[in-house]
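> Got a predicted structure plus its sequence, pasted below:
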Amino acid sequence: MGSDDAVTRVFDAVAATAPEVRGNLAGRRSYLDAENPSGESVLDADVYADDLLEERLTAVDGVGAYASEEREDVVEVGEGLSVTCDPLDGSSNLKPNNTMGTIVGVYDAPLPAAGRDLVAAAFVLYGPITTMAVARDGTPTEYLVTGDGTREELRDVELPDDPVVYGFGGRVPDWPADFESYAREVESELKLRYGGAMIGDVNQVLTYGGVFAYPALESNPNGKLRLQFEGTPIGYIVEAAGGASSDGERSLLDVEPTELHQRTPVYVGNREFVDRLEAALA
């Protein structure tokens, strides 16, 4: 079977696993005495979702490697595609019961791999309903994930031409001056929508148009988000929807990774706002 069939099987496995992940979050809201490779505290739910997705995705015919934000090294299982995962993006939102998601990248290259090696990307959104956005062959499509883990197509995803919302992460006093000046312009033009889970905030941008940023910070010039697990898959989806992505200088898909858990500033949304962002930071 070709890689295209393997991509379909990967996303079918993610959709089939999503109801199980969602259904078992209630008793996993406490932090463990552990940190992930990025030094962040880990919830019981993070480990549960990572273990479940690793089991299901490494069993997919055509998958050769699995890596996630929650584990130090790549799990090698043979020849085939490399799958990356942020098992529970925004898991700190579990305590107040807000939106979270699962982000998946499918690379036709060994890890760490560049965004141009992506053949597809997807995210599951655990909101009032469970949806899944899948981008491959230049077309992002949104699905409803049913209780039995099947996908029902809802719509092709296209970034609206008239931007409405923005969401910027990081503490404002930690923003560099050039980004703060850009943010002040944007907040006079768009409405704030920020929920503390990147995937929820990016989905707001995909739905209403606008811009999302988790910028470089004074305390961390490389930002907070991980290139391999968050930056490039989300950049791939937003660009497929007609938008743009950037690390402040170039498309996120053009950033060459040097390590698996590399961090990066992330800016995605309508091209006008990403272009203005790059000009502001130049």
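Yep, it's here.
> low pLDDT regions in the chain?
1-4 (pLDDT under 70).
> now with 90?
For the chain, the stretches with pLDDT under 90 are 1-4, 26-44, 90-97, 137-139, 196.
> for this structure, which helix is longest?
Looking across the chain with DSSP state H, the single longest helix is helix 3-23.
> What are the buried residues along that one?
Of all the residues in helix 3-23, those buried under the rule 16 or more other C-beta atoms under 10 Å are 6-11, 13-15, 17-19, 21-22. In short, each C-beta sits where N, CA and C put it, glycine included.
> what helices or strands is that helix leaning on?
Applying 3 or more C-beta pairs under 8 Å, 6 or more residues apart in numbering; DSSP states H and E, we find helix 3-23 packed against helix 44-57, strand 81-89, strand 100-107, strand 118-126, strand 130-136, strand 139-145, strand 151-156.
> Mind doing that once more with 6 Å?
helix 44-57, strand 81-89, strand 100-107, strand 118-126, strand 130-136 (3 or more C-beta pairs under 6 Å, 6 or more residues apart in numbering; DSSP states H and E).
> between the fourth one and helix 3-23, how many degrees?
Per axes from the mean of the first three to the mean of the last three C-alpha atoms, to 10 degrees, the angle that strand 118-126 makes with helix 3-23 is 20 degrees.
> Quick one: end-to-end distance for stretch 209-222.
26 Å (C-alpha to C-alpha, to the nearest Å).
> Let me see the domain layout of the protein.
3-156, 165-281 (the TED database).
> Burial-wise, tell me which of those domains comes out on top.
domain 165-281 (a mean of 20; mean count of other C-beta atoms under 10 Å).
> so how far is that one off the chain centroid?
Centroid separation for domain 165-281 versus its chain: 11 Å, with C-alpha atoms, centre = their mean, to the nearest Å.
> got it, and stretch 53-67?
On the basis of C-alpha atoms, centre = their mean, stretch 53-67 sits 18 Å off its chain's mean C-alpha point.
> Quick one: end-to-end distance for that stretch.
10 Å.
> gap between the spatially most central residue of the chain and Glu69?
When C-alpha atoms, centre = their mean is applied to the chain, the residue found nearest the centroid is Glu230 (3.8 Å). From Glu230 across to Glu69, the span is 8 Å (C-beta to C-beta, to the nearest Å).
> what does Ala45 give?
Distance check for Ala45 against Glu69: by C-beta to C-beta, it reads 13 Å.
> ok, now which ones touch Ser91?
With contact set as C-beta atoms under 6 Å, 6 or more residues apart in numbering, Ser91 has these partners: Leu43, Ala45, Asp46, Met100.
> I'd say the second one and Leu25 touch.
Yes - with contacts counted by C-beta atoms under 6 Å, Ala45 reaches Leu25, the gap being 5.3 Å.
> if we can go back for a sec, intersection of neighbour lists for Glu230 and Glu69?
With C-beta under 6 Å, 6+ apart, Glu230 and Glu69 have common neighbours Asp86.
> tell me the SS of Asn203?
Under DSSP: H, G, I helix; E, B strand; the rest coil, the three-state class of Asn203 is helix.
> Return the residues in contact with it.
Applying C-beta under 6 Å, 6+ apart to Asn203 gives the contacts Leu125.
> Swap in 10 Å and give it another go.
If you count contacts by C-beta atoms under 10 Å, 6 or more residues apart in numbering, Asn203 has them with 99, 101, 123, 125, 127, 131, 133, 142, 157, 193, 195, 197, 212, 237.
> which residues does the third one bridge with?
Beta bridges link Phe123 to Ile103, Ala133 when assigned by DSSP bridges.
> Now Leu192: closest residue in space that isn't a chain neighbour?
Ranked by C-beta to C-beta, 6 or more residues apart in numbering and with sequence neighbours excluded, the top spatial neighbour of Leu192 is Tyr166, at 6.3 Å.
> go on, Arg171?
Leu217 (7.7 Å).
> how close does that neighbour sit to Phe229?
As judged by C-beta to C-beta, Leu217 and Phe229 stand 19 Å apart.
> Val211 now?
21 Å.
> mind listing what Gly78 touches?
Thr58, Asp61, Gly62, Val63, Gly64, Ala65.
> So which of those residues are in strands?
Mapping the contacts of Gly78 onto strands (DSSP state E) picks out Val63, Gly64, Ala65.
> can I assume Phe229 sits in a helix?
Yes - Phe229: assigned to a helix according to three-state DSSP.
> so it makes contact with Val74?
No - between Phe229 and Val74 there is no contact under C-beta atoms under 10 Å: 12.0 Å.
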